[in-house]
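Student: got a structure for you, letters missing:
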Ligand code: DGL
């Protein structure tokens, strides 16, 4: 048995939202072991200073390496990835993947009229990370793409209240998305873990001609490629050779109320989340 491949993938977010990325990862790589930390005790990150978010991210990532012996880290939170990815990549001994670059690449590939938009938290948009990532992704495929980047304060709170449809959230979406509609974009990246849950409202406001891009799937694909490149993917052969299908273990930790995390998290993620444990351990 190859011990290296059996080490879990570590993933973290400010809370529940990153479970959208965990879902995509489990669906694409059901045999990988996963440890997820949701920092619900210090949530939300979106309106905190970049230096606070950076410190939280470093603390959690170091814990994933030292306490859980992870083989790779996925920064599932857009806000944390926007302000801390480079520092995490340079200070940790394992590969670190964020949600920003995979999402930006998927966005640039999706546009036909070269006019795109990204929405995210105040912290994410203020960091300029998507502006840089979209510029980088456009250059990669030799395209000139214009970007409108807009913060959507309030969206996360609606999702946390499980209010993903109705008059109030639709009115807010109409107000916040107006500049993007005016810009004539044909692709919009949901640059926040929570926004996929508002896809119906956002899609209705933007119209059916605008493609909504969710970075969760794009990130899971990049994780799969990186595991293969680093030769640390947990394949059938490396796990239980007699079994044609086998599943990894999935552990969930929260820095806040673990019962609430398990209850709400299960609604976000699905049946793999039945128990949440306390972090720090
Ligand atoms: N996870 C955060 C993000 O993707 C959204 C929630 C928060 O503000 O902490 O940006």
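Tutor: Thanks, I have it. Just so it is clear, the structure is predicted and the values come from calculations on it, not from any experiment.
Student: the helix or strand hosting residue 37 and the ligand in contact?
Tutor: Element membership for residue 37 (DSSP states H and E) is strand 34-38. No. Strand 34-38 is not in contact with the ligand by Cβ under 6 Å from any ligand atom; minimum separation 9.3 Å. C-beta here means a position set from N, CA and C on the backbone, and glycine is covered the same way.
Student: packing partners for that strand?
Tutor: Secondary-structure packing of strand 34-38 (3 or more Cβ pairs under 8 Å, 6 or more residues apart in numbering; DSSP states H and E): strand 9-13, helix 19-28, helix 50-68, strand 250-254.
Student: okay, which residue is most central for this structure?
Tutor: The residue lying closest to the centre of the chain (Cα atoms, centre = their mean) is residue 76, at 3.3 Å.
Student: okay but that one is in contact with residue 22, surely?
Tutor: Yes. Contact status for residue 76 versus residue 22: in contact at 6.9 Å, counting by Cβ atoms under 8 Å.
Student: which neighbours do the two have in common?
Tutor: 11, 36 (Cβ atoms under 8 Å, 6 or more residues apart in numbering).
Student: re earlier: who touches the residue nearest to the centre of the chain in this structure?
Tutor: Residue 76 neighbours (Cβ under 8 Å, 6+ apart): 11, 12, 13, 17, 18, 20, 21, 22, 36, 99, 193, 219.
Student: 10 Å instead, please
Tutor: Residues near residue 76 by Cβ atoms under 10 Å, 6 or more residues apart in numbering: 11-14, 17-22, 24-25, 36-38, 97-99, 193, 215-216, 219.
Student: who touches the residue of the chain found nearest the ligand in this structure?
Tutor: For the chain and the ligand, the shortest gap (Cβ to the nearest ligand atom) falls at residue 46, measuring 2.8 Å. Neighbouring residues of residue 46 by Cβ under 10 Å, 6+ apart: 14, 17, 53, 77-80, 120-126, 151-153, 155-157, 192-194.
Student: can you flag which of those belong to helices?
Tutor: Taking DSSP state H, the ones among those that sit in helices are 53, 78, 79, 80, 122, 123, 124, 125, 126, 155, 156, 157.
Student: can you redo these as a markdown table with pLDDT and neighbour count?
Tutor: What follows is these, written out as a markdown table (pLDDT from 0 to 100; neighbours: other Cβ atoms under 10 Å):
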| residue | pLDDT | neighbour count |
| --- | --- | --- |
| 53 | 98 | 28 |
| 78 | 98 | 37 |
| 79 | 98 | 34 |
| 80 | 98 | 32 |
| 122 | 97 | 15 |
| 123 | 97 | 25 |
| 124 | 98 | 29 |
| 125 | 98 | 24 |
| 126 | 97 | 16 |
| 155 | 97 | 26 |
| 156 | 95 | 26 |
| 157 | 93 | 14 |
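Student: for the ligand, tell me which of those residues show up nearby.
Tutor: 78, 79, 124, 156.
Student: low pLDDT regions in the stretch 101-250 of the chain?
Tutor: For the stretch 101-250 of the chain, the stretches flagged by pLDDT under 70 are 236-246.
Student: picking that back up, so the strand holding residue 37 versus helix 19-28, what angle?
Tutor: Going by axes from the mean of the first three to the mean of the last three Cα atoms, to 10 degrees, strand 34-38 is angled at 170 degrees with respect to helix 19-28.
Student: contact residues of this structure facing the ligand?
Tutor: 13-14, 17, 43-46, 77-79, 120-121, 124, 156, 192-194.
Student: so which residues of this structure form strands?
Tutor: 9-13, 34-38, 72-75, 96-98, 115-120, 146-151, 187-190, 211-214, 250-254, 277-278 (DSSP state E).
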